[in-house]
Every structure is written in C-alpha cells, then in structure tokens.
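Student: fold the following for me, if possible:
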Amino acid sequence: MLPLVETALQVTLDAGTGYRDRVIVLGAGVLGLLTGLLLQRSGWRPLIAEPLQWRRAVASSLGVTTAAPAELVNEEVPLVIDASGNPDAPAMALDMLAHEGTLLVASWFGAKPVVLPLGGAFHRRRLTIRSTQVSTVPARLSGTWSRSRRRQETVELLGELPLAQLCTHVFDFCDAADAFRAVDQGKPGLMHAVLNYDRSAAGDL
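Tutor: Residues are numbered from 1 along each chain as shown. Model (predicted):
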C-alpha cells in the first residue's frame, strides 16, 4: 500500500491549503479514499463522489462524507480532484467548480481519450486544470519537501491510516489470474487485492 499512500500524500500536497473549504474527490477507490482521509487531516472538508453504493458505504465507515455524482449537479467548490480513472469525469468536474476553481487530475488515463468542454463556463469562470504526479516533487514545494521526506512521511502514515480495511481480498500468487480478473470485472466489495507469495511453497510454482 506504500505507493498508494505516497501518491495520496502528493495529491494532498498539490491540493494546497483549504481550511474548512469543501473539496470534491471523484472516485472512492483506494486512491480516492486515501486522498480524502489525508485532505481531512489537513483541514479540508472532503466530499467523495462515487456512483457505487457499496464504495460509498466503505468511505462513510471511514468517516468521509460521500454522495452519488448525480447529487452534486449544483455544487460549486474551489477544488475538484479526479481520482476516478473515468475519462468522462474531468468534464463533469468542470461543472462543479466555482469561479477560478481548480481541477486537479490524479487519474491515469493512459491512451484513453478525454474530452473536455473548454468553451462557455471554462472561460467565464477562469478555471484551471492541473495534473498531480508522484514521480516528482513540484518546484513550489522544493523548499520544504523532497522525495526522501515524502517517503519518510508516507512510512509514518502506514501506521495511522486504516489500510487493513482497504485490503479486502487476498489471493495466493498462483491465483494471480483470478485476482486480475476480479479487479477487471469490478467485483463488488473488492477495494484492493493483495497477492500472497509464500516462499515455502515457491518450489511448487
């Protein structure tokens, strides 16, 4: 879980300060949930938008406010973070931003095309679209943050965040194909799949 926690920490750092400000996080996957928890710790009031009811239930059990995306059509917030992996989400996010608001894209879309409506409200509201990425520390934070400090802080967070509740499924290494199939099919209740490698049985693989 360390890479996911470190990514969520970088997203939170890129979000900046927002004491008691509402922030909408799109997607209640592991990254979205971890980001919501860290934003909450840093003073924001996160609201996670997630279409799947069971994922909203997991987020609520961890103390994060949730809503179905359709319930947020009239929201206007200073910051929306896309952690959904859904190519349609960024366009929806722009409609949720207040004047001079920012869309922070944490999703990795790979080769998937993403269509953005850059006319109308995008111009009138002076909106900003930024990416967040864990491979580097942005220059504006370089005076106080480095990759080594971020990694150290991440290690400390491992003992503070409810990671056991997010590791919902464990598969033996020899059943890795089943694990990938379950993730690909969106198996209900599966938040994070773990591959268990038993060295004592390695000779049987």
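Student: quick check: L104 touching V77?
Tutor: No: between L104 and V77 there is no contact under Cβ atoms under 8 Å: 11.7 Å. (C-beta placed from N, C-alpha, C; glycine too.)
Student: list the buried residues of the longest helix anywhere in the chain.
Tutor: Secondary structure of the chain per DSSP state H: the longest helix is helix 2-15. Applying a neighbour-count criterion of 16 or more other Cβ atoms under 10 Å, one finds L4, V5, E6, T7, A8, L9, Q10, V11, T12, L13, D14, A15 buried in helix 2-15.
Student: which single one of these is nearest to P188?
Tutor: Set against P188, the nearest of the buried residues of helix 2-15 by Cβ to Cβ is L4 (20.6 Å).
Student: Three-state assignment for I48, please.
Tutor: strand (DSSP: H, G, I helix; E, B strand; the rest coil).
Student: for it, which residues are in contact?
Tutor: Contacts for I48 were tallied using Cβ atoms under 8 Å, 6 or more residues apart in numbering; they are 24-28, 32-33, 36, 56, 59, 64-67.
Student: bridge partners for it, pull those for me.
Tutor: Beta-bridge partners for I48, by DSSP bridges, are V25, T66.
Student: look up how far D14 lies from it.
Tutor: 17 Å (Cβ to Cβ, to the nearest Å).
Student: repeat for L104
Tutor: 6 Å.
Student: shared neighbours of the two, anything?
Tutor: Common neighbours of L104 and D14, using Cβ under 8 Å, 6+ apart, are R130, T132.
Student: need the pLDDT of the residue lying closest to L97 once chain neighbours are set aside.
Tutor: Counting by Cβ to Cβ, 6 or more residues apart in numbering, the nearest residue to L97 once its immediate chain neighbours are dropped is L127, at 5.4 Å. pLDDT, the model's per-residue confidence, is 97 for L127.
Student: Y197 now?
Tutor: 89.
Student: count the neighbours of it for me.
Tutor: Y197 has 12 neighbouring residues, counting by other Cβ atoms under 10 Å.
Student: wait, what's in contact with it?
Tutor: For Y197, the contacting residues are F173, by Cβ under 8 Å, 6+ apart.
Student: pLDDT weak spots in this protein?
Tutor: The chain contains residues with pLDDT under 70 at 200-205.
Student: any idea which residue is closest to the centre of it?
Tutor: Geometric centre of the chain, nearest residue: G32, 2.6 Å, by Cα atoms, centre = their mean.
Student: F122: neighbouring residues, count only.
Tutor: Other residues lying near F122 total 18 when counted by other Cβ under 10 Å.
Student: separation between the nearest residue to it once chain neighbours are set aside and R126?
Tutor: Distances taken as Cβ to Cβ, 6+ apart put L94 closest to F122, at 5.9 Å, once the chain neighbours are dropped. According to Cβ to Cβ, L94 stands 12 Å off from R126.
Student: what's P78 sitting at in phi/psi?
Tutor: Taking degrees, to the nearest 10, you get phi -70, psi -20 for the backbone angles of P78.
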